[in-house]
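Compute the structure for the input listed below.
(2 chains)
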Amino acid sequence: MPPPPAQKAKAEEPPEPKPEKVEKPKEAEAKKEPLPKKAEAKPEKPKDKPKPKPAPQAEQKHDRNADRLAALLNKIPDAAKEPRAVDAPRYAPKRPVKGQSSGTQMTMAVNEIDALRAKIAQCWSPPPGGLGADVIIIKLRLQLNEDGSLIGYPTVANSGGSPFFQAAADSAVRAVFQCQPYELPSEKYAVWRDLILNFDPRQMYGSG
Amino acid sequence: MIDLISPPTLKRRALRFATFLLAALIGASTGADHAHAVVELNITQGNIQPLLIAIPDFASDGTIDAGAAREISDVVSNDLKSSGLFLPIAPAAFIEKGLDVARAPRFEDWRPINAQAVVVGRIGNNDGKLRAEFRLWDVLSGKQLAGEQFFTQAKDARRVGHIIADVIYERMTGEKGYFDTRVVFVDESGPKDKRVKRLAIMDQDGHNVRLLTTGKDLVLTPRFSPSTQEITYMSFEGDNPKVYLLNIETGQKEIVGTFPGMTFAPRFSPDGQRIVMSLEQAGAANIYAMDLRSRRTTQLTNSQVINTSPCYAPDGSRIVFESDRDGSQQIYVMNADGSNQRRISSGGGSYSTPVWSPRGDLIAFTKLSGGQFLIGVMKPDGSGERVLTEGFHNEGPTWAPNGRVLMFFRESPGAGGGPRLFSIDLTGYNERLVATPSFGSDPAWSPLIN
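Next up, the predicted model:
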């Protein structure tokens, strides 16, 4: 019986040295002395990958909204008295029609919505075909100026721990940045000032 | 499809709390403040484009030749470009020059040329070792996405480039990279009727080709060990094909077991501890697993037909193989102990060389249909069959370790024709010729080296 491979003659050449990762520089400004590890050290995975943070401005906006909602919540007793009555006529499921815009019942017309999502879809280049792409949705909150430009930085409103989620969330943020300014009917600014975009790549991947 | 979640829909879908909150908002807004609901859109379509990335030449810190530093950034650039998912911007378009790893780029200089990411690197010599550091920046947000430093032997400069490209690929796509890998293949030279076939190994980008056998004996179907620097392959010495193990570092080779008949189509188990292969006896071929330590073999199929091309699932629990037990060659899956054998291929034509993806979700195969050989993938239950490429003769798919790129070989017709290696993305796009010195066939992709 031939000897098991574990007992084979030793390599005549030393095994090829592996490039070792020694240090992960933290910040560009940080001036650190390199700390070489042993030659045998295997490269380690970077531990502290930077996570996208909403720009301060966006955060402020978000907080302001929360404040406004909180303030409104103080008036809940009033609101609770007749929520249906107020709500029903305002939000009756009336189909928005082209060009519709009037007063407080103002909604986005179907063609306006179509144009907006088509534009964003055109700008969105998600990382293609990652494993797990079929279970990921990225929810972005953004606010727009009246000229259709972004206010601050979009906020990723949900979370997912996977590298793919992070890469996909970055791609969604890039998309809304690149697409701006958005051409939307100025008289409906109140309607489109705050947007929630659910980026859902599932249908794009025919991975099987 | 994309649908607008209009306020009523939003409200219906919302939790009770949210409904309450919305009602509160509306109720309270009967004054100066206009109620406004948030428009919510579902974006389900995108426009997948290569990511525009700027990779200025890596700088030398003065201790090495500028050309040596540039070679590493060239490797990074070529790797990322070859994936089809990145498009490096031509350096002539760069506005900012003289970038420095110690500071952030001037992002306002990179936005006008549509760069979405910038890679800055610096290479130096540290006591005889090559030091490489790099940073990956997101142009829109100004964030640093990655930054690492490596020390290595000067002769491994290209590998450092591959490793950096893997880090960038992983950060931007969310998937493992595959650039720091090698491919073993059969180098074919000489006229078509008198081919010399030698085992060869190269980096995944076609560099550093090295021949592993002399060409005296015909070699076929090399396969990488997932855990050691070993390959297994089939060699005809005389008329009798046998399965060999070869250490690619030392060049030492040995026959895997001594059997009465021919052995062929060997492949390692995912843990590298076993080899699964076909053993021919009396006109039938059956699949056996051999433990490499004890050399004990276990018969997994037992039928008077040809059962061959076995390949483990990445978790080692199942084996996919081809068999002609139903008349034509088809793909079957069984448990690793040989139980529960069932056919998964169901389209027209015949199927062969099934290979389980390293990420487990798909099985690649060669299919003969309508006089053409094509490469396709299907799910392990046989559903979702897709063709990636077709033509006169395509054969022998092998997966990159991240399970999203395949390599295969394509034979060109005619007296002067021969096999060439190609890579293709899982989506069926980005088919590329992999340059080899002569004709090449039977590629087998290594795992990530480190």
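
so how far is stretch B:73-92 from its chain's centroid?
How far stretch B:73-92 lies from its chain's middle: 18 Å, per CA atoms, centre = their mean, to the nearest Å.

residues making contact with it?
A:127-128, B:50-58, B:113-115, B:119, B:121, B:158, B:160-162, B:164-166, B:168-169, B:172-173, B:179, B:205, B:405, B:423, B:425, B:429-430, B:432 (CB atoms under 8 Å, 6 or more residues apart in numbering or on different chains). Every C-beta, even on glycine, is put in place using the N, C-alpha and C of the backbone.

Sketch out the low-pLDDT regions of chain B for me.
Residues of chain B that meet the criterion pLDDT under 70 lie in B:1-37.

where exactly do the helices run in it?
B:7-13, B:16-28, B:66-82, B:107-110, B:157-173 (DSSP state H).

distance between the ends of stretch B:398-411?
Criterion CA to CA, to the nearest Å; first-to-last residue distance in stretch B:398-411 is 16 Å.

Is any residue of it near chain A?
Yes. Interface with chain A: stretch B:398-411 contributes B:403-404 (CB under 8 Å from any CB of the partner chain).

Off-centre distance for that stretch?
6 Å.

what do you get for stretch B:119-135?
27 Å.

How about it, which residues are buried there?
By 16 or more other CB atoms under 10 Å in any protein chain shown, the buried positions in stretch B:119-135 come out as B:119-125, B:129-135.

and chain A, which of those residues reach it?
Answer for the buried residues of stretch B:119-135 near chain A (CB under 8 Å from any CB): B:129, B:131-133, B:135.

now for those, which pair is the farthest apart?
B:129 and B:135 (20.3 Å; CB to CB).

Might one say that residue B:172 is in contact with residue B:51?
Yes. Contact criterion CB atoms under 8 Å: residue B:172 and residue B:51 qualify, at 6.0 Å.

before we move on, back to that, please indicate which of the contacts of stretch B:73-92 are buried?
Judged by 16+ other CB under 10 Å, buried ones among those: A:127-128, B:50-58, B:115, B:119, B:121, B:158, B:160-162, B:164-166, B:168-169, B:172-173, B:179, B:205, B:405, B:423, B:425, B:432.

Now do the contacts for residue B:415.
residue B:192.

same question, residue B:64
Residue B:64 touches B:123-125, B:130, counting by CB under 8 Å, 6+ apart.

of all these, which comes closest to chain A?
Closest approach to chain A among the contacts of residue B:64 (CB to the nearest CB): residue B:130, at 8.2 Å.

how close does the closest one sit to residue B:160?
Note on residue B:130: its distance to residue B:160, by CB to CB, to the nearest Å, is 7 Å.

Next: residue A:108.
52 Å.

Can you get me a residue count around residue B:237?
A count of nearby residues for residue B:237, using other CB atoms under 10 Å in any protein chain shown, gives 12.

Chain neighbours aside, what residue packs nearest to it?
Sequence neighbours aside, residue B:217 is the residue nearest to residue B:237 in space, at 5.0 Å (criterion: CB to CB, 6 or more residues apart in numbering or on different chains).

Then residue B:360?
residue B:314 (4.9 Å).

contacting residues around the one you found?
Residue B:314 neighbours (CB under 8 Å, 6+ apart): B:270, B:356-360.

At the geometric centre of chain B, which residue do we find?
residue B:400 (1.8 Å; CA atoms, centre = their mean).

can you count the residues close to residue B:383?
Neighbours of residue B:383 (other CB under 10 Å): 10.

next one: residue A:117
When neighbours are counted by other CB under 10 Å, residue A:117 comes out with 21.

Name the residues of the strand or helix carrying it that are buried.
Following DSSP states H and E, one finds residue A:117 within helix A:110-123. Going by neighbour count (16+ other CB under 10 Å), the buried part of helix A:110-123 is A:112-113, A:116-117, A:120-121, A:123.

filter the residues you listed down to the ones close to chain B.
Answer for those near chain B (CB under 8 Å from any CB): A:113, A:116-117, A:120-121, A:123.

Quick check: the two most widely separated of the residues you listed?
A:113 and A:123 (16.1 Å).

ok, the residue nearest to residue B:237 - contacts?
Taking CB under 8 Å, 6+ apart, one finds B:235-237 in contact with residue B:217.

quick one: which of those is nearest residue B:66?
Distances from residue B:66 to the contacts of residue B:217, taken by CB to CB, are shortest for residue B:235, at 46.1 Å.

residue ranges with poor pLDDT in chain A?
Short version for chain A, where the test is pLDDT under 70: A:1-105, A:129-134, A:205-208.
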